[in-house]
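Enquirer: Got a predicted structure plus its sequence, pasted below:
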Amino acid sequence: MGQGDYRILHEAALRDYLAGLPELRALLGGEPAAWAITEVGDGNLNLVFIVKGTRGGIAVKQALPYVRLVGESWPLPLSRAHYEYLALSRQAQLAPGLVPALLHHNETLALTVMELLEPHIIMRKGLVAATPYPRFADDITTFMARTLFFTSDLALTAAEKKEAIAAFAGNHALCKITEDLIFTDPYRIAEQNRWTAPYLDALAAALRDDMELHVAISRLKLKFMASPEALIHGDLHTGSIMVTESQTRVIDPEFAFYGPMGFDVGAVLANLLMAYFASAGHERSPGERHAFEGWVLETVEQVWAGFAGKFLDLWRAGASGDAYPVSLFAGEKGAARLEAERQAYMQRLFTDTVGFAAAKTIRRIFGLAHNIDFELIEEPKKRAVSEARAVRLARGMMVEAVAFRTIADVTGAARKLR
Ligand code: ADP
Ligand code: MG
Ligand code: MG
Ligand code: MG
């Protein structure tokens, strides 16, 4: 099939397409005419169908040639499906069991068939309902430590690393969305910005006039654009994580490219912190969500500590990459100096993480794409109170990232604002 053979597969066409694939047909079971097909895409960009037969089910994701949230006026390359597939394959090797199994990919149709995650739900929904997820911290830290470490210069040779960067370099249209919507628009007048008006009008104006903040967000933008440290997921918010009490699965890596590690870790922390601040707005009686909120902040601490611990353990266990050549750190003296440098490396990564977490927060409150954590707080005044607290913490984290030395500094500051 040539490039021109792309077509959007709605229900009937999708049924015919799947019926022509013997392995999927067997997996689903029964007659194709009897398969139940439902469109469930709640994301901003793509179509997702759940298909169920008499034996099993699958999830089918197809990229559209435009941004779903906005429509045909905002074109977006279909190639993102290729990068999503490539990233998902790599993540499946590096973090087995933490992403949905891949069942089929059609490059021309920009279509991928995956394992149906069931009864998993989107984590963000669970957090709005005050559900704690006891497996989450351990699973997400394994995912991040392994995907980031093994795609970095600590684990790859220089040649492998540059080939890997090249394989994702074409995903620049997705990077540009991040560069605009996260690192630029919330800080200037932009048509697509919105916020909880009129309550946050003054705060929105203050951000547009805050030059310290503009310097800080511009430094983060440059770091995002010019730091191919590792293969990052690129959109690792709690809407890209599906969970049950006992399982965690990371989905939707279409924004993947070689970028700064702190962007992924910061995304997870920011989304937990937003769930924390939003929680007050979902309370029906005072203190009702107290235990949940305690779990959220504990999880923030465990995510950083767990990630840093696992990443350092992988590094100590043997780094085969070209960075930090072992020949430069021979003997007892070398080992001690290298260990001190590992700690310093983690501290720099923590500072990046704090800054990126702040950027991920501010865009959800003043930019185009908001999240249900805040949006489902019906009373605008209440929502604005939660949002303003999150913004206050984020402003501090962005402008004075280095003042946050430990993750307890972050959770301590969050607790004071609640
Ligand atoms: P988008 O890129 O448009 O955001 P996602 O990959 O996030 O698309 O998928 C959109 C929604 O489809 C998810 O929020 C989830 O509800 C559902 N979904 C996606 N993948 C699966 C899957 N493997 N199993 C079950 N549901 C899925
Ligand atoms: Mg999504
Ligand atoms: Mg999204
Ligand atoms: Mg997506």
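Expert: That came through fine. Just so we're clear, the structure is a prediction, and the values are computed from it rather than from any experiment. Numbering: from 1, shown residues only. Ligands and ions are numbered 1, 2, ... in the order given.

Enquirer: per-residue pLDDT, the residue most central in space within the chain?
Expert: Among the residues of the chain, the one closest to the centroid is residue 236, at 0.8 Å (Cα atoms, centre = their mean). Residue 236 is assigned a pLDDT of 98 by the prediction.

Enquirer: Might one say that it is in contact with residue 251?
Expert: No. Using Cβ atoms under 8 Å, residue 236 is not in contact with residue 251; the gap is 10.2 Å. Where C-beta positions appear, they are placed from N, C-alpha and C, glycine not excepted.

Enquirer: Strand partners (parallel or antiparallel) of the one helix or strand residue 74 maps to?
Expert: Mapping residue 74 onto the secondary structure by DSSP states H and E places it in strand 71-75. Strand 71-75 pairs in its sheet with strand 66-67 (antiparallel), by DSSP bridges.

Enquirer: Does the partner strand reach ligand 3?
Expert: No. Judged by Cβ under 5 Å from the ion, strand 66-67 makes no contact with ligand 3; its nearest approach is 10.4 Å.

Enquirer: Need the contact partners of that strand.
Expert: Contacts to strand 66-67, defined as Cβ atoms under 8 Å, 6 or more residues apart in numbering, come from residues 44, 45, 72, 73, 74, 75, 76.

Enquirer: Could you give the bridge partners of the nearest residue to the fifth one once chain neighbours are set aside?
Expert: It stands for residue 74. For residue 74, ignoring the flanking residues on the chain, the nearest one in space by Cβ to Cβ, 6 or more residues apart in numbering is residue 67 at 4.3 Å. Beta-bridge pairing for residue 67 (DSSP bridges): residue 71.

Enquirer: Tell me the confidence at residue 67?
Expert: 89.

Enquirer: Could you pick out the longest helix of this structure?
Expert: Ranked by residue count and defined by DSSP state H, the top helix of the chain is helix 331-366.

Enquirer: Quick one: mean pLDDT for that helix?
Expert: Per-residue pLDDT over helix 331-366 has a mean of 98.

Enquirer: buried sites along it?
Expert: Buried residues in helix 331-366, counted by 16 or more other Cβ atoms under 10 Å: 338, 342, 345-346, 349-366.

Enquirer: ok, how many other residues are close to residue 313?
Expert: Counted by other Cβ atoms under 10 Å, the residues lying close to residue 313 total 11.

Enquirer: quick one: secondary structure of it?
Expert: helix (DSSP: H, G, I helix; E, B strand; the rest coil).

Enquirer: The residue nearest to the centre of the chain: what's its closest spatial neighbour, skipping adjacent residues?
Expert: residue 267 (4.2 Å).

Enquirer: Tell me how far that neighbour lies from residue 356.
Expert: 7 Å (Cβ to Cβ, to the nearest Å).

Enquirer: Tell me if the residue nearest to residue 236 really is in a helix.
Expert: Yes. Judged by three-state DSSP, residue 267 forms part of a helix.

Enquirer: ok now do it, which residues does it touch?
Expert: By Cβ under 8 Å, 6+ apart, the neighbours of residue 267 are 233, 235, 236, 237, 356, 357, 360.

Enquirer: pLDDT at it, what is it?
Expert: In this model, residue 267 carries a pLDDT of 99.

Enquirer: try the one 4 residues further on
Expert: With respect to pLDDT, residue 271 has a value of 98.

Enquirer: my read: it touches residue 235, true?
Expert: No. Residue 271 is not in contact with residue 235 according to Cβ under 8 Å; the separation is 10.8 Å.

Enquirer: For the residue in the stretch 151-300 of the chain that ligand 4 sits nearest to, which non-adjacent residue is spatially closest?
Expert: Closest contact between the stretch 151-300 of the chain and ligand 4, by Cβ to the ion, is at residue 252 (4.1 Å). Once flanking residues are discounted, residue 252 sits nearest to residue 240: 4.4 Å by Cβ to Cβ, 6+ apart.

Enquirer: Could you check how many residues crowd around residue 310?
Expert: Neighbours around residue 310, by other Cβ under 10 Å: 19.
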